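A.B. asks: what's the 3D shape of this:
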Amino acid sequence: MLAAPPPPSPAIAQTLDQARALGRAGRLAEAERLYRSVLAADHACVQAAVALARLLTGSGRAAEAEALARPFTEGERPWHEALSARAAALKALDRKPESLTDYQRAAQLNPGSGVAAHNVASGLGDAGRDREAAAEVERAFSLGLDAPETWLVYGRALQGLRRFDEAENAFRNAVTRRPAYADALRDLGQLIWMRSGDAALALAPIEAALAAAEPPLRPLLSGVKIRLLNHVAGEAQALAFAQRALAATPGDPRLALETAALSLSTAPERSRELCAAVLARTPRDPSARRAMAHACLALGDSETAAQIAEQLLADNATDQEAAAVLATAWRAGGDDRYRSLWDYDALVRAQLIDTPDGWTSLDAYLADLRLALADLHALQAHPLEQSVRGGTQTSQNLLASEHPAIRAFFQAIEGQLAAYRAAIGEGPDMFRARNGGGHRVLGAWSVRLRPGGFHVDHIHPQGWISSACYIDVPQALGDDTDRAGWLRFGAPPIPTRPLLEAEHFVRPQPGLLALFPSYMWHGTVPFGGDDVRTTIAFDVVPD
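C.D. replies: Have a look, this model is predicted:
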C-alpha cells in the first residue's frame, strides 16, 4: 500500500463526504452505515476504513477500530493516516507501547506534520519519556502547531522534568487558547496546589473559567472544581459545591455521580437516588453501576451490590473496581466466598528485594536510592485523585528514569515478582487466570509521607499485581498494638453496613517489597515522630 493512497472515485468521495457530515452532526449510526457501504463496495478503500476506525474509537469500540485499521497499516509504506487511526485505537485499548510505535511510523511518513509530531509527543509522555516528549512538542511548535492539546502535553512533560515554572506557563498557555479546557485547568490547579499547598491559589484558575464559561460548558468545569475542592479543601466543601452545581444543571450525569459519591457518608439514600436516575437513562454505564453498588453498600444492601459487581465482572473479567466491590459485598453480607478474593495468606507476600548489580549490599543500594528519590520529591503537597495525604508523589514515571540507582530498582524486584507468581500459581479465579506468560511493569512512582501522613484505602484499577517497597521507614513505626505506619488491607474507603475494619497488616522495613492483587483495598495507618516514610510503588500487568 502506498504512503499516499489514490483518491476515491467521485461517487465514493461523495458518499464519504456525506458520512463525515453525519458524523459531525452526531448521527453516528447513519455515518457508520455509509462507511460500511463504501467498504462493502470497495474493501480496499483506505479513506473509508480510516474514517470508520476513528468513529468507532470515539464511540468506545476501539477493539473493532483496531481490527479494521490493522490491515491498512501493513507493508513498508502504509498511509500515515491509517497508522494514526490504529494508534488512536491502540491507545484507547491501553496498548500504549504499540500505539507509540504506530504514531512514530506515521510521523516518519509525514515529517512535515505538526499533528503527527504532537501524537508522538503524547505517546512519549504516556511512556514517561518526558525529555523526548518535550523535544517532540518543540518540533511540533516549529512546524506551526499551536494547539491547546499540544501545550498540555508540553506542560506534563515539563512537570515530569521538574521544570515547574515552565510547566505552569505551558498549562496557562493551553487555557489561554481554550479557556474552558477542563484537562488543562485540572493540571494547572493540581500543579499550583502541589507547589504551594495553597487551596485558594489552586482553585483560582478553575473559578475564573467557570465565571466566564457559557452554560453548556459549566457542568464539565464544575466537575473539575469538585475534584479539586475534595483534595484541597475537603469533602464537605466539595459536596456543598457539587449540590449547587447539580441544582443548576439537574440532568447532568457527571455531576449526579460526583454528588452521589460525596453523599455516601451523610446521605446514602440520596446517593442511591442519584445513581438510579443516571442508570434510568444509561443502564449499562459502568461508572454509574459501580456508584450504585457503593450506595448499596452504604445502605447495607450487600446482596444488590454483589449482583451489580458480578454483572460488571461478566462484562469485563479484569474490572478491578468490580472485584473490590464484590469482595466487600460478600464480606459485609457474611458470605465467606470473599476469602477467595481476599486470601491474604496466599495473595499478600512480602520479602526483601535483591541487591542489584553494582552494589555490595542491600543497605548500600538503599542509601543511594534514598538520595536519588529525595531529589525527585521537590513539591509540597499531594496530587489530585490519588491516595496520598500529608505527603508528596513524584510526577514522573520512574520506569523512564536515567538515574542508575532508580534504573537498578527494576532489576532488584524481578526475582521477587517471579517468586510471587510461582507461589500464587495458576487457576480459574480472576487473579490467577492471568498468571500465564510474561509480565511488565505498567508504571512506577515514589511517595514520601510526612509525620501524620497516610494513604487513603484504595485499589489500582489499571493493575493486576500492585506493590509497596519501603525505602525510608520512620523511627516511630508502631508495634502490633497501634501499627502506626503499617500497610493495611481490607478496609474499604466507602461507608458500609456493617462497618468493615482492616483485616491484614504488613510491617514495613527498609528494602521490603509487598506484592498483592490490585483489587485489594489497601492503605496505611498514620504515624507520628519526625521522620519521613518513602516508598516506591508500581503496577504489573500480564504481557
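
A.B. asks: can you pull the contacts of Gln47?
C.D. replies: 5, 8, 16 (Cβ atoms under 8 Å, 6 or more residues apart in numbering). All C-beta spots, glycine's among them, are computed from the backbone N, C-alpha and C.

A.B. asks: Need phi/psi at it.
C.D. replies: phi -60, psi -40 (degrees, to the nearest 10).

A.B. asks: what about it, distance to Asn110?
C.D. replies: The gap separating Gln47 from Asn110 is 16 Å, by Cβ to Cβ, to the nearest Å.

A.B. asks: and if you look at Asp429?
C.D. replies: Distance from Asp429 to Asn110, by Cβ to Cβ: 47 Å.

A.B. asks: tell me the secondary structure for the spatially most central residue of the chain?
C.D. replies: Centroid-nearest residue in the chain, with Cα atoms, centre = their mean: Gln462, separated by 6.7 Å. Secondary structure, DSSP: H, G, I helix; E, B strand; the rest coil: Gln462 is coil.

A.B. asks: Same check on the one 4 residues further on?
C.D. replies: Applying three-state DSSP to Ser466 yields a three-state assignment of strand.

A.B. asks: Quick check: it touching Ile536?
C.D. replies: No - using Cβ atoms under 8 Å, Ser466 makes no contact with Ile536, being 12.0 Å away.

A.B. asks: Of the contacts of Gln47, which is the nearest to His439?
C.D. replies: Relative to His439, the closest of the contacts of Gln47 is Pro5; by Cβ to Cβ it sits at 39.2 Å.

A.B. asks: and the closest one, how far is that from Tyr365?
C.D. replies: For Pro5 relative to Tyr365 (Cβ to Cβ), the value is 54 Å.

A.B. asks: Which residue of the two possesses the greater neighbour count?
C.D. replies: Between Pro5 and Tyr365, counted using other Cβ atoms under 10 Å, the more crowded position is Tyr365 (22 against 17).

A.B. asks: Please name the nearest non-neighbouring residue to the more buried one.
C.D. replies: Nearest residue to Tyr365 in three dimensions, chain neighbours excluded: Trp359, at 4.0 Å (Cβ to Cβ, 6 or more residues apart in numbering).

A.B. asks: Settle this for me: that neighbour is touching Asp368, isn't it.
C.D. replies: Yes - under the contact definition of Cβ under 8 Å, Trp359 touches Asp368, with a separation of 7.2 Å.

A.B. asks: Surely Ala305 is in a helix?
C.D. replies: Yes - assessed by three-state DSSP, Ala305 belongs to a helix.

A.B. asks: Surely it and Ala327 touch.
C.D. replies: No - using Cβ under 8 Å, Ala305 makes no contact with Ala327, being 10.7 Å away.

A.B. asks: ranges for the strands of the stretch 101-250 of the chain?
C.D. replies: Along the stretch 101-250 of the chain, no segments are classed as strands by DSSP state E, counting those that start in this stretch.

A.B. asks: low pLDDT regions in it?
C.D. replies: Within the stretch 101-250 of the chain, the set of residues satisfying pLDDT under 70 is empty.

A.B. asks: Secondary structure element holding the closest residue to Leu398 other than its chain neighbours?
C.D. replies: Distance criterion Cβ to Cβ, 6+ apart; nearest residue to Leu398, sequence neighbours excluded, is Ala444 at 4.0 Å. Using DSSP states H and E, Ala444 sits in strand 439-455.

A.B. asks: Could you list every helix and strand in contact with that strand?
C.D. replies: Packing partners of strand 439-455 (3 or more Cβ pairs under 8 Å, 6 or more residues apart in numbering; DSSP states H and E): helix 362-376, strand 388-393, helix 404-412, strand 465-472, strand 522-524, strand 533-542.

A.B. asks: Adding mean pLDDT as columns, could you present those in JSON lines?
C.D. replies: Below are the helices and strands packed on strand 439-455 laid out as JSON lines (pLDDT from 0 to 100):
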{"stretch": "helix 362-376", "mean pLDDT": "96"}
{"stretch": "strand 388-393", "mean pLDDT": "94"}
{"stretch": "helix 404-412", "mean pLDDT": "97"}
{"stretch": "strand 465-472", "mean pLDDT": "97"}
{"stretch": "strand 522-524", "mean pLDDT": "97"}
{"stretch": "strand 533-542", "mean pLDDT": "96"}
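
A.B. asks: Could you point out which of these sits nearest Gly223?
C.D. replies: With Cβ to Cβ as the measure, strand 388-393 is the member of those nearest Gly223 (21.3 Å).

A.B. asks: Report the beta-bridge partners for Leu515.
C.D. replies: Arg349, Ser467 (DSSP bridges).

A.B. asks: wait, what's in contact with the closest residue to His294 other than its chain neighbours?
C.D. replies: Nearest non-adjacent residue to His294, counting by Cβ to Cβ, 6+ apart: Ile494, 4.9 Å away. Listed by Cβ under 8 Å, 6+ apart, the contact set of Ile494 reads 264, 294, 297-298, 328.

A.B. asks: now stretch 368-386, how far from the centre of its chain.
C.D. replies: 19 Å (Cα atoms, centre = their mean, to the nearest Å).

A.B. asks: Span of it from start to end?
C.D. replies: Stretch 368-386 has an end-to-end distance of 27 Å (Cα to Cα, to the nearest Å).

A.B. asks: who touches that stretch?
C.D. replies: 162, 164, 186, 189-190, 193-197, 227-228, 231, 359, 388-396, 401, 403-406, 408-409, 446, 448, 471-472, 534, 536.

A.B. asks: For that stretch, buried residues please.
C.D. replies: 368-369, 372-373, 376-377, 379, 381-384 (16 or more other Cβ atoms under 10 Å).

A.B. asks: And the furthest pair within those?
C.D. replies: Farthest apart among the buried residues of stretch 368-386 by Cβ to Cβ are Asp368 and Leu384. That separation is 31.1 Å.

A.B. asks: could I get the helices and strands packed on strand 439-455 as TSV with distance to Arg507?
C.D. replies: What follows is those, written out as TSV (distance: least, Cβ to Cβ, whole Å):
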stretch	distance to Arg507
helix 362-376	17
strand 388-393	19
helix 404-412	20
strand 465-472	10
strand 522-524	11
strand 533-542	12
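
A.B. asks: looking at the ones you listed, which is closest to Asp126?
C.D. replies: Counting by Cβ to Cβ, Asp126 lies closest to strand 533-542 out of those; the figure is 14.3 Å.
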